[in-house]
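Engineer: Quick check, what structure comes out for this input:
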Amino acid sequence: MVGTLTQTQTLAEKAKALGIEFFLVSYTDLLGGMRAKLVPATQVASVEKDGAFFCAFASNLGLGADAPEIAVIPDPDSLIQLPWEPTVGWVASDVYYQGEPFSAAPRMILKRALAQCAELGYTYKAGVEAEFFLLKKTDSGYVVADEFDTAERPCYDQINLMRQFDLISTLVKYMEQLGWGPYQCDHEDANGQFELNWTYSDAKTTCDRHAFFKYMVKTLAQQRGLTATFMPKPFSHITGSGGHVHNSLWQGSTNCFEAGADEGGLSPVGYHFLGGVLNHAQGLTALFAPTVNSYRRLGASMTASGSTWTPRYISYGGNNRSHLLRIPEAGRFECRLIDGSANLYLALAGLVAAGVDGIKNKTSPGDRIDENLFERGADFPHLQTLPTNLQEAMVALQQNPLMMATLGEVGAKTFLEFKQKEWNSFCAQITDWEMTQYINI
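Structural biologist: Numbering: from 1, shown residues only. Predicted coordinates:
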């Protein structure tokens with residue numbers, strides 16, 4: 001519906017053509033939260049010009065109570081008309097502060113990283129595999145929404161998938177209406193866990209769509225009395241949720257990872273890009289796995305299905321899911337470290353910055369490993385391991401000059417302050433496990 005409009009139309013013109021009465025002028029903060037103002041279409045012209053104003057201190061962007069407002073200016077090309085409420089249009093927005101682009105806003109951080117990629121003549125494209133759980137709240141806490149979804153190995157289970165047909169099919173139909181090109185959906189490896197896939201695009205578009213997708217899934221689930229969560233590891237005994245990202249560089253219609261690819265699936269520039277990501281993997285982890293809970297997923301030793309599906313080593317392979325980076329076919333590679341809690345704007349900013357650094361320095365990824373590292377990881381003592389908790393990941397981020405520069409001075413400082421507060425809060429808690437383990441000491 002939006003795709004039929006020209007990019008030169010103003011939001012007011014689009015509102016008139018589409019019957020939009022309100023706009024959700026939205027931006028994503030440094031913790032991945034979506035913040036918005038609801039603007040009547042009759043007033044959107046001034047907002048498109050000057051921005052919607054938000055209290056800076058409440059913006060989760062690291063500004064103090066003494067700071068003036070931020071101006072959030074919508075990007076008309078990102079417009080999505082809510083399929084379930086067509087009178088409302090959602091627009092991703094850029095944050096400005098005192099008349100200038102605000103350097104610590106995640107969408108701005110991504111745009112800076114993409115500009116560096118464009119300077120080399122490339123367009124970075126990405127696709128995300130969005131996994132989530134459907135839960136319901138009971139007096140004893142959250143449980144899997146479907147009481148019949150109890151199999152030890154439920155991945156791709158047809159019956160469990162089809163019991164959620166109403167929600168899943170509605171999501172697919174809406175994505176089709178929006179022109180995203182959804183192509184597959186399935187029940188994932190954990191009870192109550194699902195994944196929907198849509199066609200890759202340029203990285204900024206993919207991030208905008210991913211932000212809206214999370215909002216859409218949560219909204220439609222709530223309408224059905226369910227809770228949808230992208231939390232990496234809501235249950236200790238079953239598989240956690242990833243946000244795996246597939247990556248490629250393009251020049252016009254040419255996939256530069258595929259053109260000149262060897263039998264392993266990548267061109268020289270593809271291997272250099274991949275090598276850059278491996279080289280910066282420890283520093284990237286805080287952006288790819290940004291919560292305390294992320295390391296329950298990464299650090300899990302076993303699940304009911306028999307595998308965690310999460311990397312531990314900084315390695316790459318072919319079509320082999322036991323590695324951090326996987327080359328499933330010629331022309332792309334998948335990063336399996338990114339989880340469901342990641343702020344995709346920050347994750348892809350870090351990923352493309354690392355890849356560009358790899359191209360500039362012609363970084364070699366080394367030899368690929370065609371082994372199951374879930375079982376044989378200890379047989380490769382030269383491989384580095386990933387951080388095992390959020391504190392270690394923050395230290396690795398601080399020690400990585402490229403990642404700190406990618407976030408920018410204010411962005412890095414604020415992100416680390418938020419995450420240190422989260423870590424300190426977690427460390428102050430007394431868990432049920434501790435009570436059970438130590439009460440009789």
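
Engineer: Please name the nearest non-neighbouring residue to Phe374.
Structural biologist: In space, Phe374 comes closest to Ser322 once its chain neighbours are excluded; the distance is 4.7 Å by Cβ to Cβ, 6 or more residues apart in numbering. The way it works is simple: take the backbone N, C-alpha and C, and place the C-beta from them, glycine included.

Engineer: can you pull the contacts of that neighbour?
Structural biologist: By Cβ atoms under 8 Å, 6 or more residues apart in numbering, the contact list for Ser322 reads 311, 371-375.

Engineer: Out of those residues, who's the most crowded?
Structural biologist: Using other Cβ atoms under 10 Å as the neighbour criterion, Pro311 leads the contacts of Ser322 with 25 neighbours.

Engineer: What spatial separation is found between that one and Asn320?
Structural biologist: Distance of Pro311 to Asn320, computed by Cβ to Cβ, to the nearest Å: 11 Å.

Engineer: now, which of the contacts of Ser322 lie within helices?
Structural biologist: With DSSP state H as the criterion, helices contain 373-375 from among these.

Engineer: can you list those in a markdown table and add pLDDT and distance to Phe213?
Structural biologist: Shown next, in a markdown table, are the ones in helices among the contacts of Ser322 (pLDDT from 0 to 100; distance: Cβ to Cβ, whole Å):
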| residue | pLDDT | distance to Phe213 |
| --- | --- | --- |
| Leu373 | 90 | 30 |
| Phe374 | 89 | 29 |
| Glu375 | 87 | 34 |
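
Engineer: related to what we said a few turns ago, tell me, what's the model's pLDDT at the residue nearest to Phe374?
Structural biologist: Per-residue pLDDT puts Ser322 at 92.

Engineer: Thr303 now?
Structural biologist: 78.

Engineer: ok, how many other residues are close to Ala151?
Structural biologist: Counted by other Cβ under 10 Å, the residues lying close to Ala151 total 14.

Engineer: same thing with the one 5 residues further on?
Structural biologist: Under the neighbour criterion other Cβ under 10 Å, Tyr156 is assigned a count of 11.

Engineer: which SS class is it?
Structural biologist: Following DSSP: H, G, I helix; E, B strand; the rest coil, we place Tyr156 in the coil state.

Engineer: I'd say it and His187 touch.
Structural biologist: Yes: in terms of Cβ atoms under 8 Å, Tyr156 counts as a neighbour of His187; the distance is 6.1 Å.

Engineer: Please render the ones in helices among the contacts of Ser322 as CSV that adds distance to Ala65 to the earlier fields.
Structural biologist: Listed next are the ones in helices among the contacts of Ser322 as CSV, based on distance: Cβ to Cβ, whole Å:
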residue, distance to Ala65
Leu373, 48
Phe374, 49
Glu375, 53
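
Engineer: I'd like to know how far the closest residue to Gly62 other than its chain neighbours sits from Tyr316.
Structural biologist: Ranked by Cβ to Cβ, 6+ apart and with sequence neighbours excluded, the top spatial neighbour of Gly62 is Thr414, at 2.9 Å. Distance of Thr414 to Tyr316, given as Cβ to Cβ: 32 Å.

Engineer: neighbour count winner among those two?
Structural biologist: Tyr316 (27 against 20).

Engineer: Can you name the residues that contact the more buried one?
Structural biologist: For Tyr316, the contacting residues are 274, 278, 323-327, 333, 365, 368-369, by Cβ under 8 Å, 6+ apart.

Engineer: Give me the pLDDT value at it.
Structural biologist: Model confidence at Tyr316, given as pLDDT, is 97.

Engineer: What is the neighbour count of the nearest residue to it once chain neighbours are set aside?
Structural biologist: What sits nearest to Tyr316 in space, not counting adjacent residues and going by Cβ to Cβ, 6+ apart, is Leu325, at 3.9 Å. For Leu325, the neighbour count with other Cβ under 10 Å is 23.

Engineer: And the one 4 residues further on, by the same measure?
Structural biologist: Burial measure for Glu329: 12 neighbouring residues, criterion other Cβ under 10 Å.

Engineer: so how far is Gln164 from the residue lying closest to Asp50 once chain neighbours are set aside?
Structural biologist: In this structure, Asp50 finds its nearest non-sequential neighbour in Ala71, 6.5 Å apart by Cβ to Cβ, 6+ apart. Distance of Ala71 to Gln164, computed by Cβ to Cβ: 41 Å.

Engineer: so who does Leu134 touch?
Structural biologist: Leu134 makes contact with 144-146, 164, 167, 192-194, 221, 226-228, according to Cβ under 8 Å, 6+ apart.

Engineer: ok, and it, which helix or strand is that part of?
Structural biologist: strand 123-138 (DSSP states H and E).

Engineer: returning to what we had before: out of the contacts of Tyr316, list just those in strands.
Structural biologist: Using DSSP state E, 325-327, 333 are the members of these that sit in strands.
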